[in-house]
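> okay, predicted coordinates and the sequence, questions at the end:
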Amino acid sequence: MKNKEWDQLYVNGTLCTLDPADSSFGLIKDGALAIKDNLIAWLGKRSDLPADYSSEVEINLNQQVLTPGLIDCHTHLVYAGNRADEFEKRLNGATYEEIAKSGGGILSTVKATRQASFDELLEQTIPRAKQLKESGVTTVEIKSGYGLDFDSEIKILKVAKKIGELLGLRVKTTFLGAHSIPPEFKNRAEDYINFLCAEMIPVIANEKLADFVDVFSEKIAFNLEQTKKIFECASEYGLGIKCHAEQLSNIGATELAARFKAVSVDHLEFLDEDGVKAIAKSGTTAVLLPGAFYFLREQQLPPIDLLRKHEVPIAIATDCNPGTSPVTSLTLIMNMACTLFRLTPLEALRGVTINAAKALGMENKIGSLEVGKIADVAIWDIRHPAELSYSIGFRSSST
Ligand code: DI6
Ligand code: FE
């Protein structure tokens with residue numbers, strides 16, 4: 001019997017390993033990558049392949065570039081309807097906050113999502129998930145948050161899991177019950193928080209419906225004290241913590257999230273240096289969402305230079321949602337991160353691979369090409385990985 005018996009071997013292309021040990025893209029020209037039992041079993045220069053290998057299948061990359069499968073670490077993919085009407089209102093001068101306060105915004109999507117059956121919701125979500133996949137995504141985080149009652153939130157989380165099964169995507173789910181206060185709890189935010197902590201989080205944890213809990217911590221949503229209650233409850237039930245923080249104003253949500261060792265804080269346009277220092281210390285990943293920045297015509301840039309200075313890992317994601325980021329291409333987001341936030345193409349690619357893996361606590365399993373990691377890859381008809389950020393919304397040849 002031969003020593004190396006692989007299931008699959010890629011040859012004749014450029015590997016972009018994003019190996020954290022490499023200070024750049026980690027390119028291996030004329031590389032070879034072997035897979036055994038869905039794990040990366042070997043990778044290196046083709047000329048260094050061991051003499052005694054054999055592989056069931058050999059795939060010719062024809063000079064294409066192979067990267068780790070992309071990771072979209074922040075989406076609200078499961079919702080019903082759309083908000084084109086609101087988009088027009090905003091173009092005529094209404095602000096996002098004004099629309100939210102008058103009962104539109106998130107709550108209009110909540111209404112549509114509550115009314116949709118499981119199958120209808122699934123049917124509306126599948127095209128979005130397919131488009132993400134076409135942009136090279138193999139792992140996607142999906143938040144609830146457009147149900148805001150027991151049955152609807154569970155329905156959304158189950159649709160998210162079903163999407164993973166149907167499309168062969170790795171799905172991580174996040175419970176975002178604290179996205180907005182539903183109409184039946186109007187002016188009773190405390191009661192709603194108590195309901196989330198007493199009745200929802202325990203069930204969601206016990207039934208393993210979510211990996212993380214997230215809070216929209218903001219003036220127009222939940223304040224710090226309410227956010228803290230949710231984080232305490234989530235920690236008690238062993239769920240990871242994420243936070244929509246400092247998106248529209250600075251209320252100190254980032255520092256609070258850092259105290260709870262959040263895996264990520266997301267948005268961050270209004271983050272200050274104290275907040276950056278706090279997440280540098282807690283090992284929390286900063287997730288930037290250029291789609292929402294663009295769509296809201298935001299002027300305040302997230303503190304990129306401070307994040308760099310304090311060596312905070314930066315991830316980027318689509319934030320796919322009907323209100324502030326109706327986008328289903330992660331490569332388009334890479335381009336936006338470069339044009340709007342001046343990330344380099346390398347930072348953008350790290351932002352959707354290794355750093356996005358960190359934002360999901362999965363950096364030991366996915367996000368770079370290294371022996372022992374899960375072998376999910378994306379193949380691109382390009383010659384250098386910087387082209388993924390340069391082209392506007394590139395599509396992968398396969399994932
Ligand atoms: N921040 C956002 O940008 C989205 N959610 C959040 O917490 C917006 C969600 C929506 O408007 O539907
Ligand atoms: Fe979001």
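Arrived safely. Ligands and ions are numbered 1, 2, ... in the order given.
> K158 contacts D119, doesn't it?
No. Counting by CB atoms under 8 Å, K158 does not reach D119; the two are 11.3 Å apart. To be clear about C-beta, it is placed using only N, CA and C from the backbone, and glycine gets the same treatment.
> between the two, who's got more neighbours?
Neighbours per residue, other CB atoms under 10 Å: of K158 and D119, the larger number sits with K158, 18 against 10.
> for the more buried one, what are its contacts?
Neighbouring residues of K158 by CB atoms under 8 Å, 6 or more residues apart in numbering: 118, 209.
> if we go to 10 Å?
In this structure, K158 makes contact with 78, 118, 121-122, 144, 173, 207, 209, judged by CB atoms under 10 Å, 6 or more residues apart in numbering.
> buried ones among the residues you listed?
Buried members of the contacts of K158, counted by 16 or more other CB atoms under 10 Å: 78, 121-122, 144, 173, 209.
> export the residues you listed to CSV and tack on secondary structure and distance to A51?
Formatted as CSV, those follow (DSSP: H, G, I helix; E, B strand; the rest coil; distance: CB to CB, whole Å):
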residue, secondary structure, distance to A51
V78, coil, 50
L121, helix, 54
L122, helix, 50
S144, coil, 52
T173, strand, 45
L209, coil, 49
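> nearest to R308 among these?
Nearest to R308 out of the buried ones among the contacts of K158 is T173 (CB to CB; 30.8 Å).
> list the strands paired with the longest strand along the chain, with their directions.
Using DSSP state E, we find that the single longest strand of the chain is strand 4-16. Its sheet considered, strand 4-16 pairs with strand 27-36 (antiparallel), strand 53-60 (parallel), strand 65-68 (parallel) by DSSP bridges.
> near ligand 1 too, which of the buried ones among the contacts of K158?
When contact is defined as CB under 6 Å from any ligand atom, the buried ones among the contacts of K158 do not meet ligand 1 at all.
> need those in TSV with distance to N62 and pLDDT, can you?
TSV is the format used below for those (distance: CB to CB, whole Å; pLDDT from 0 to 100):
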residue	distance to N62	pLDDT
V78	37	98
L121	40	98
L122	36	98
S144	42	98
T173	37	98
L209	42	98
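> which one of the residues you listed is nearest to A357?
Ranked by distance to A357 (CB to CB), these are led by T173 at 16.3 Å.
> up against ligand 1, what does the stretch 51-200 of the chain have?
105-106, 109, 179.
> and I251, which of the strands paired with strand 4-16 is closest to it?
Evaluated over the strands paired with strand 4-16, closeness to I251 peaks at strand 65-68, with 35.1 Å, by CB to CB.
> just say which of the strands paired with strand 4-16 is most tucked in.
strand 65-68 (a mean of 26; mean count of other CB atoms under 10 Å).
> would you put the C-alpha positions of that one in CSV?
C-alpha atoms of strand 65-68 as CSV (Å, rounded to 0.1, in the frame of the first residue of the first chain):
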residue,chain,number,x,y,z
VAL,A,65,-6.1,30.7,-8.0
LEU,A,66,-7.3,28.6,-5.1
THR,A,67,-8.1,30.4,-1.8
PRO,A,68,-9.8,29.2,1.4
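> and that strand, how far from the chain's centre?
Strand 65-68 sits 19 Å away from the centroid of its parent chain (CA atoms, centre = their mean, to the nearest Å).
> in the chain, where is pLDDT below threshold?
1-3 (pLDDT under 70).
> how about whichever strand or helix holds S152: buried residues?
Following DSSP states H and E, one finds S152 within helix 150-167. Neighbour-count burial for helix 150-167, counted by 16+ other CB under 10 Å, picks out 152-160, 162-164, 167.
> and the closest residue to V215 other than its chain neighbours, what is it in contact with?
Distances taken as CB to CB, 6 or more residues apart in numbering place A178 nearest to V215, at 4.2 Å, with adjacent residues excluded. With contact set as CB under 10 Å, 6+ apart, A178 has these partners: 145, 148, 189, 192-193, 196-197, 200, 213-217, 221-222, 226-227, 229-231, 234, 243-244.
> which ones among the residues you listed lie within strands?
The members of the contacts of A178 that map onto strands under DSSP E are 213-217, 243-244.
> and the closest residue to H384 other than its chain neighbours, how far from E363?
Excluding its sequence neighbours, the residue lying closest to H384 (CB to CB, 6+ apart) is V65, at 7.1 Å. Distance of V65 to E363, given as CB to CB, to the nearest Å: 22 Å.
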